[in-house]
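> test case, fold it:
(one chain, ligands or ions: 1)
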Amino acid sequence: MTTATAASTGAPIRLAVIVGSTREGRFGPKVANWFTGRAALREDMSVDVVDLADTPLPASLTHRPGPEDAKALEAVTPRLDAADAFAVVTPEYNHSYPAPLKNAIDWHHSQWQAKPVGFVSYGGISGGLRAVEHLRPVFAEVHAVTVRDTVSFHGAWDAFGPDGRPTDPRGPDTAATAMLDQLAWWAEALRTARAARPYGA
Ligand SMILES: Cc1cc2nc3c(=O)[nH]c(=O)nc-3n(C[C@H](O)[C@H](O)[C@H](O)COP(=O)(O)O)c2cc1C
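Next up is the predicted model:
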């Protein structure tokens, strides 16, 4: 049992795991499935996986949302609204993060506000950390708080076995626990604060 689990007093933290890569043949689900499994072990969290490949959103802000756009957003927006915390699973593309992930961020605003965001990244030699560092100021702009610790996989395709688990799970498991503990702390603190006083009021 983690410190956060032991200290938790309220209802479970609703964690939305956002899968940011959408391309065909993507590696992302392997990372996301493992991480979701770690989060699901916790008694202080319930997990909803928002896979942006399953819930494509209209091209960002180029037009007024029509009925089709509203339908697409309906598959994502209420779930972000309901979340107390977010874990963003992101690869690194050309030293940054995928366009569909930016699109999903841009379509929303209040859904992010005064909520914590953690990152699970993967890629080549940098483990997706450049993508993470690009995401931090973006989430600050929408009034989210990003937690310090990340989970990252460099050379990700060699880091997982055929069973979908990390070949050496000690480092990733420890990193996931640290990040999830920080998310839980912030999520509970901010949920209490939002209930006491609407953010920005
Ligand atoms: C267009 C593109 C650009 C990439 N750029 C980088 C990069 O800058 N740094 C890096 O470490 N890996 C880079 N990669 C490798 C990806 O991080 C790696 O292929 C990863 O598996 C992509 O995630 P996905 O399979 O879930 O889409 C790039 C891959 C693609 C497709």
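
> and residue 147, how many residues sit next to it?
Around residue 147 there are 21 other residues, counting by other CB atoms under 10 Å. Glycine gets a C-beta too; all of them are placed from N, C-alpha and C.

> brain fart, residue 14
Using other CB under 10 Å, residue 14 has 17 neighbouring residues.

> hmm, the helix or strand it falls within touching the ligand?
For residue 14, the enclosing helix or strand under DSSP states H and E is strand 13-19. No - Strand 13-19 lies out of reach of the ligand by CB under 6 Å from any ligand atom, never closer than 8.3 Å.

> before we move on, what SS does residue 164 have?
When classified by DSSP: H, G, I helix; E, B strand; the rest coil, residue 164 comes out as coil.

> distance of it from residue 184?
With the distance defined as CB to CB, to the nearest Å, residue 164 ends up 25 Å from residue 184.

> equivalent analysis for residue 176, please.
12 Å.

> between those two, who's got more neighbours?
residue 184 (28 against 24).

> quick check: the more buried one is in a helix.
Yes - with three-state DSSP as the criterion, residue 184 is part of a helix.

> how close does the residue nearest to residue 142 when sequence neighbours are not counted get to the ligand?
If the residues on either side of it in the chain are set aside, residue 142 comes closest to residue 112, at 4.2 Å by CB to CB, 6 or more residues apart in numbering. Applying CB to the nearest ligand atom, to the nearest Å, the value for residue 112 to the ligand is 22 Å.

> my read is residue 112 is in a strand, agree?
No - Residue 112: not assigned to a strand; according to three-state DSSP it is coil.

> quick one, phi/psi of it?
phi -90, psi -20 (degrees, to the nearest 10).
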